[in-house]
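J.: okay, here's the prediction I keep looking at, along with the sequence it came from:
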Amino acid sequence: MNRPHVHMGEPCTLILASGSPRRRELLRQLAVTFRVAPADIDETFTNGEAPRDFVQRMALEKAQAGFELGGRTLPALGADTIVLLDDEILGKPASRAGAAAMLKRLSGRTHQVYSAVTLVLGSGDALATFNATAVTFADLPADWIERYCRGEEPMDKAGAYAVQGGAGQYIRCIKGSYSGVMGLPLYETAVLLRQAGLLI
């Protein structure tokens, strides 16, 4: 496994074990200093694993990998987000046709977004949290789905959409955490960081 170099810049509070620009943007809102060390882990779903167990396991494994990449000297934050429809996980689409098929399934329906966050401390111990949010789409026009899937926005997103992007215009209701749907539930993350003494 290739281990990316962690740049030693200004003193920082923790490692963010994610390459997601959305998670970086959200974590900056908490005014903590951090370095990015994207975790390269096996994200294969285990047969019979409950979706909540899966997303929590991914967050833990990412945080553990980030802790190792940081030389075991700083706490590491890992997060994972999945889209769940009819108890089926809708991951990142493998193709534009796959993205369109996901959006057609989500059209006019309510689905769940699960976000798990884990903080591995300097001692190696871990703190964890979880958020579940219900997202309801209006009916998605077929021509809009086609145009949306020509772009890059749906291609690296669970469920093939970005709540903060073009798909937001068709989201009728969010019950839960908007930032959790983006990929990092800020309230729950802040609670973890305060428990660890990393945030006032």
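T.: Ah, there it is.
J.: quick one: contacts for Ile82?
T.: Applying C-beta atoms under 8 Å, 6 or more residues apart in numbering to Ile82 gives the contacts 51, 54-55, 89-91, 113-114, 158. Every C-beta, even on glycine, is put in place using the N, C-alpha and C of the backbone.
J.: name the element it belongs to?
T.: Assigned by DSSP states H and E, Ile82 belongs to strand 76-85.
J.: that strand pairs with which strands, and in what direction?
T.: strand 14-16 (parallel), strand 88-90 (antiparallel), strand 110-120 (antiparallel) (DSSP bridges).
J.: could I have the buried ones of the contacts of Ile82 as PyMOL selection syntax?
T.: Only the buried entries of the contacts of Ile82 go into this PyMOL selection, using 16 or more other C-beta atoms under 10 Å:
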select buried, resi 51+54+55+89+90+91+113+114+158
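J.: for the contacts of Ile82, work out which two are farthest apart.
T.: Farthest pair in those (C-beta to C-beta) is Phe54 and Val113. Separation: 13.6 Å.
J.: quick one on the thing from earlier: deepest in the core, which of the strands paired with strand 76-85 is it.
T.: strand 14-16 (a mean of 27; mean count of other C-beta atoms under 10 Å).
J.: can you list contacts of that strand?
T.: With C-beta under 8 Å, 6+ apart as the test, strand 14-16 has contacts from 6, 23-24, 27, 32, 34-37, 66-67, 69-70, 74-77, 119, 193, 198.
J.: flag every buried residue along whichever helix or strand comes after that strand.
T.: Per DSSP H and E, the first helix or strand lying C-terminal to strand 14-16 is helix 21-28. For helix 21-28, a neighbour-count test (16+ other C-beta under 10 Å) marks 22-23, 26-27 as buried.
J.: do stretch 119-139 as well
T.: Buried residues in stretch 119-139 (16+ other C-beta under 10 Å): 119-121, 126-133, 135, 137.
J.: need the max-distance pair from these.
T.: Among the buried residues of stretch 119-139, Leu121 and Phe137 lie farthest apart (C-beta to C-beta), at 38.5 Å.
J.: to which secondary structure element is the residue of the chain positioned farthest from its centre assigned?
T.: Distance from the C-alpha centroid of the chain peaks at Asp143, with 28.2 Å (C-alpha atoms, centre = their mean). Per DSSP H and E: Asp143 is located in helix 142-148.
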